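**Q** Need a 3D model of the sequence below.
(chains A and B)
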Amino acid sequence: MSENSAVVVDNVSKKFKLYRERNQTLKSAVMRGRKTVAEEFWAVRDVSFDVPEGQTFGLIGRNGSGKSTLLKTLARIYHPDAGSITLRGKAASLLEVGSGFHPELSGRENVYLNASILGLKRREVDERFDDIVEFSGVEKFIDQPVKNYSSGMYVRLGFSVAVHTNPDILVVDEVLAVGDGAFREKSRQKFLEFTRDGKTVILVSHSLPQIREMCDQVAWLNKGTLREVGDADTVTEHYEKALVDEKD
Amino acid sequence: MTYLKELFATRELLYNLTMREVKGQYRRTVLGQLWSLLNPIATMLVYTVVFSFIFRARPNIGDPSGLDIYPLWLMCGLLPWLYFSRVVNGGLNSMVTNSGLIKKVYFPRMHLPFSVMASVGFTWLIEMGVLLLALQLFGGWPIWWIPIVMLVMVTLAFFAVGVAMMLAITNVHFRDTQHFTTIVLQMWMYLTPIIYPISLVENAARDLGDWVIVVYRLNPMERFVEVFRNLMYDNRWPALDDTLFIVAVSGVVFALGYLVFSRNEKRLAELL
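**A** Sure thing, here's the model as predicted:
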């Protein structure tokens, strides 16, 4: 655990309870009586790694390997059942664009609302408002209610707010695939700018070329445990090989 | 303590969530915020016809204000009750209605019931303002009591959000809570002397024994209604025991709600 780690993941485990029939009613709780029919399922088990400051770190693995659970734990949405996560600096997570948008409110009002959900102060939004709107490309419609937006405009505005939160550590789910080709290129540039500025980014993606292009290091998760962590090219190569082996 | 600090540090979020509710509620309506007044006025008319004209409920004349107007007397109790029941209902549902947000972003979840408390409080403030104006026009003198009324309103807000926070957590585990609460609130309202004066209960209790009235007055909302009426309708200081009762109950209920909520909020995202 070096001193310049931005994120330290130390033996993190997260379990979920699986109920054979989960009807959330009092009746079923009473009927079950003392024996609760819950199986434990460890979505993430004993995962440890460090993310050095300023690096882009990718999480890969097949569906159900625990990537998203780990990402949500990093974003503080879940709390680990064992182990700990240390984040040095201001962290923001981007698991969904446009969180908390109210359809009846205007784009402008939603920018302020969404930004404050993501942890920005009003003054900070005031400063960045023009950049946010310009980046999203919805200038003409900023005072219209967002329910009249096309789905593309909606996600572009949400994405634009999120990338302007300017955190030290950014946790991103597969949201890069937003908008049309031109906007996607703009987002990619923004992320590269991010890493150039020495920010730490942790992202989940299924696109291995994208991972190779953007990430310095990669962690490969398999069924909740850490299979391999290291240099992006090496780990993705091993991962690809394992996928091919499995098919044969 | 750290949680409290975090809540305070993110107070702007509370403001924004509150404004989302306040602004979003009456968008695309012609009457806008007026709707929040029409609703209690309609309720007032119905109760006045039924309970004043048909059942002949006769509350005491305001002392020393001298007011003897059933609809105004009714509203002094009904508006606080409506606030309480809206905060409890809205607050307990706030986890489920905002589950999308809870599952995708981290923020202190307690802002959700708080924002219900504040946004419903905004409407309540307007309603109470109109009521105070009406009381003044019809010959009462509630103006001097406004600061005390505000303090009691804050006390009720803490009581209501305390109840709401406990129920919000219960509701995440058992969705029965929301349906059950609807029934309980309905019964609770009729067990509180809002539409009828407490003197009717005292009369009835005479045959049954004093314990009836003692039990009846354990209801914190009965005390709240009494205090609001003392201040607004009668224009006098409320009884000391009533005041202490509501302050103590609100303090305890809020502290309990805070504890229950802060202990359970870490697991909300996975339970929803």
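
**Q** what's around residue 138, how many residues?
**A** Since no chain was named, I'll use chain A. Counted with other Cβ atoms under 10 Å in any protein chain shown, residues neighbouring A:Val138 total 22. (Glycine included, C-beta is placed from N, CA and C.)

**Q** try chain B instead
**A** 13.

**Q** Repeat that for A:Val51.
**A** Quick note: A:Val51 (other Cβ under 10 Å) scores 24 neighbours.

**Q** which ones are touching it?
**A** A:5-9, A:57, A:200, A:202, A:217 (Cβ atoms under 8 Å, 6 or more residues apart in numbering or on different chains).

**Q** quick one: which of the residues you listed has the most company?
**A** Ranked by neighbours (other Cβ under 10 Å), these are led by A:Ile202, which has 27 neighbours.

**Q** what's the distance between that residue and chain B?
**A** 14 Å (Cβ to the nearest Cβ, to the nearest Å).

**Q** which other residues reach the one helix or strand that residue maps to?
**A** Assigned by DSSP states H and E, A:Ile202 belongs to strand A:200-204. Residues from elsewhere that reach strand A:200-204, judged by Cβ under 8 Å, 6+ apart: A:6-7, A:51-60, A:67-68, A:71, A:74, A:89, A:168-174, A:176, A:191, A:194-195, A:214-215.

**Q** can we see that at 6 Å?
**A** A:6, A:51, A:53, A:56-59, A:67, A:71, A:169-173 (Cβ atoms under 6 Å, 6 or more residues apart in numbering or on different chains).

**Q** what's the closest of the residues you listed to A:Glu124?
**A** Ranked by distance to A:Glu124 (Cβ to Cβ), the contacts of strand A:200-204 are led by A:Leu170 at 15.8 Å.

**Q** Could you pull up the residues touching the closest one?
**A** A:92, A:201.

**Q** need the residues of the stretch 101-250 of chain B near chain A, please.
**A** B:101, B:104-106, B:174-176 (Cβ under 6 Å from any Cβ of the partner chain).

**Q** Which elements pack onto the helix or strand just after the strand holding A:Ile202?
**A** Next in sequence after strand A:200-204, counting helices and strands by DSSP H and E, comes helix A:208-214. When contacts are defined as 3 or more Cβ pairs under 6 Å, 6 or more residues apart in numbering or on different chains; DSSP states H and E, helix A:208-214 packs onto helix A:232-247.

**Q** And the helix it packs on, what's buried?
**A** A:232, A:235-236, A:239 (16 or more other Cβ atoms under 10 Å in any protein chain shown).

**Q** packing partners for that helix?
**A** Against helix A:232-247 (3+ Cβ pairs under 6 Å, 6+ apart) you get helix A:208-214, strand A:217-222.

**Q** Which of these comes out lowest on mean pLDDT?
**A** Mean pLDDT values for the helices and strands packed on helix A:232-247 show the minimum at helix A:208-214, a mean of 86.

**Q** What residues sit buried inside that helix?
**A** In helix A:208-214, counting by 16+ other Cβ under 10 Å, buried: A:208, A:210-211, A:214.

**Q** Extract the C-alpha set from that helix and format it as CSV.
**A** Written as CSV, here are the backbone C-alpha positions of helix A:208-214 (Å, rounded to 0.1, in the frame of the first residue of the first chain):
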residue,chain,number,x,y,z
LEU,A,208,-11.8,-4.5,-24.2
PRO,A,209,-10.4,-2.2,-26.9
GLN,A,210,-11.7,0.7,-24.9
ILE,A,211,-10.2,-0.7,-21.7
ARG,A,212,-6.8,-1.1,-23.4
GLU,A,213,-7.0,2.4,-24.8
MET,A,214,-7.9,4.1,-21.6
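
**Q** Show me what from chain A comes close to chain B.
**A** A:24-26, A:75-79, A:95-96, A:99-100, A:102, A:104-105, A:113, A:116-117, A:122.

**Q** Reformat the helices and strands packed on helix A:232-247 as a markdown table; add distance to B:Asn203.
**A** Shown next, in a markdown table, are the helices and strands packed on helix A:232-247 (distance: least, Cβ to Cβ, whole Å):
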| stretch | distance to B:Asn203 |
| --- | --- |
| helix A:208-214 | 79 |
| strand A:217-222 | 72 |
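
**Q** wait, which of these is closest to B:Leu31?
**A** Closest among those, using Cβ to Cβ: helix A:208-214, at 51.4 Å.

**Q** Residues in contact with that closest one: which ones?
**A** Outside helix A:208-214, the residues that reach it (Cβ under 6 Å, 6+ apart) are A:56, A:58, A:205, A:232, A:236.

**Q** likewise stretch B:239-247?
**A** Against stretch B:239-247 from outside (Cβ under 6 Å, 6+ apart): B:155, B:223-224, B:226-227.

**Q** what comes up buried for it?
**A** So, applying 16+ other Cβ under 10 Å, buried residues of stretch B:239-247: B:242-243, B:245-247.

**Q** Inside helices: which ones of those?
**A** Among the buried residues of stretch B:239-247, the ones falling in helices (DSSP state H) are B:242-243, B:245-247.

**Q** any chance of those residues in CSV, plus distance to B:Met19?
**A** Formatted as CSV, these follow (distance: Cβ to Cβ, whole Å):
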residue, distance to B:Met19
B:Asp242, 34
B:Thr243, 33
B:Phe245, 34
B:Ile246, 29
B:Val247, 30
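
**Q** Pull the most distant pair out of these.
**A** Greatest spatial distance in those: B:Asp242 and B:Val247, 9.7 Å, computed using Cβ to Cβ.

**Q** any idea how far chain B is from A:Pro167?
**A** From A:Pro167 to chain B the distance is 12 Å (Cβ to the nearest Cβ).
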